[in-house]
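A.B. asks: Give me a model of this one.
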Amino acid sequence: MAEKQTLIAVKKALESAKKRNFKETVDIAINLKDIDLSVPKNRITDDVILPHGRGRPVKVCVIGGSELVQKAKASADRVITADELGKIADDKKLAKKMAGEFDYFIAEASLMPVVGKRLGIVLAPRGKMPKPIQPGADPRPVIENLRKTVSVKSKDRKTFHAPVGTIEMPPEQIAENIDIILKKLTGKLERGAMNIGSVWVKTTMGPAERVL
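C.D. replies: Predicted coordinates:
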């Protein structure tokens, strides 16, 4: 069950949003305080599995050998073999298009050095370096979790954002997604909740409502 103040803020944000001709995303803005983000270890970089997902399709690409590719065909949005990897890496335009098309990448652990060398220049700046998976492992649970995952990254900024759903989702589900992110964030910060200055929730084009 969501925290009361979170649910109230989400309901206000949804109610005050004007109807648009597209499905708006619901985001939170997190403002940190009393923390030096010029020190890399203080920066937040975390993947959070949302209990109710993001309310939109999340595309996952799997890179691997024949066995992994075969296992992933039914659940991944795209599978790339080791042979195809080289062809894509040699075509910069194609590599950039692929990097923009997918939200997350999974690669067989043995291929990670090759992926890093050939595609790192395209994937790393976008924060999309593949998550390794061991040969023989079932990729389906990993893929399904990634479809409900959001990446929370502060980099060197005290204010950063994260998607928590869409305007079509029930407010209770959005509020629970927010609370999960804040719980994980609190556990990562040196002084916990004391390092959080404020948290706001808003739709893509709607007004912001304060959560904390």
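A.B. asks: domains for the protein, by residue range?
C.D. replies: Domains of the chain are assigned by automatic domain parsing as 4-55+150-210, 60-146.
A.B. asks: longest helix anywhere in this structure?
C.D. replies: helix 171-188 (DSSP state H).
A.B. asks: chain center to that helix: distance?
C.D. replies: How far helix 171-188 lies from its chain's middle: 14 Å, per CA atoms, centre = their mean, to the nearest Å.
A.B. asks: can you list contacts of that helix?
C.D. replies: Under the contact criterion CB atoms under 8 Å, 6 or more residues apart in numbering, helix 171-188 has outside partners 1-3, 6-7, 9-11, 14, 26, 28, 30, 44, 46, 48-52, 150, 152, 162, 164-165, 192-193, 196, 199, 201, 211-212. Quick note: C-beta positions are derived from backbone N, CA and C, even for glycine.
A.B. asks: For stretch 194-201, buried residues please.
C.D. replies: For stretch 194-201, a neighbour-count test (16 or more other CB atoms under 10 Å) marks 195-196, 199-201 as buried.
A.B. asks: Any stretches of this structure with poor pLDDT?
C.D. replies: For the chain, no stretch is flagged by pLDDT under 70.
A.B. asks: ranges for the strands of it?
C.D. replies: 25-32, 45-49, 60-64, 78-81, 104-108, 131-133, 149-153, 159-166, 196-203, 209-210 (DSSP state E).
A.B. asks: Out of those strands, which gets nearest to Ile143?
C.D. replies: Ile143 lies closest to strand 60-64 among the strands of the chain, at 5.0 Å (CB to CB).
A.B. asks: on that earlier part again, turn the strands of the chain into TSV, columns for distance to Glu176.
C.D. replies: TSV is the format used below for those (distance: least, CB to CB, whole Å):
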stretch	distance to Glu176
strand 25-32	12
strand 45-49	12
strand 60-64	23
strand 78-81	31
strand 104-108	22
strand 131-133	24
strand 149-153	13
strand 159-166	9
strand 196-203	13
strand 209-210	16
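A.B. asks: winner for burial among those strands?
C.D. replies: Among these, ranked by average contacts under mean count of other CB atoms under 10 Å, first place goes to strand 60-64 (a mean of 26).
A.B. asks: For that one, name the packing helices and strands.
C.D. replies: helix 66-72, strand 78-81, helix 82-90, strand 104-108, helix 140-146 (3 or more CB pairs under 8 Å, 6 or more residues apart in numbering; DSSP states H and E).
A.B. asks: just how off-centre is that strand within its chain?
C.D. replies: Using CA atoms, centre = their mean, the offset of strand 60-64 from its chain centre is 16 Å.
A.B. asks: That strand: partners in the sheet, and parallel or antiparallel?
C.D. replies: If you go by DSSP bridges, strand 60-64 pairs up with strand 78-81 (parallel), strand 104-108 (parallel).
A.B. asks: In CSV: these, plus distance to Asn21.
C.D. replies: Listed next are these as CSV, based on distance: least, CB to CB, whole Å:
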stretch, distance to Asn21
strand 78-81, 29
strand 104-108, 29
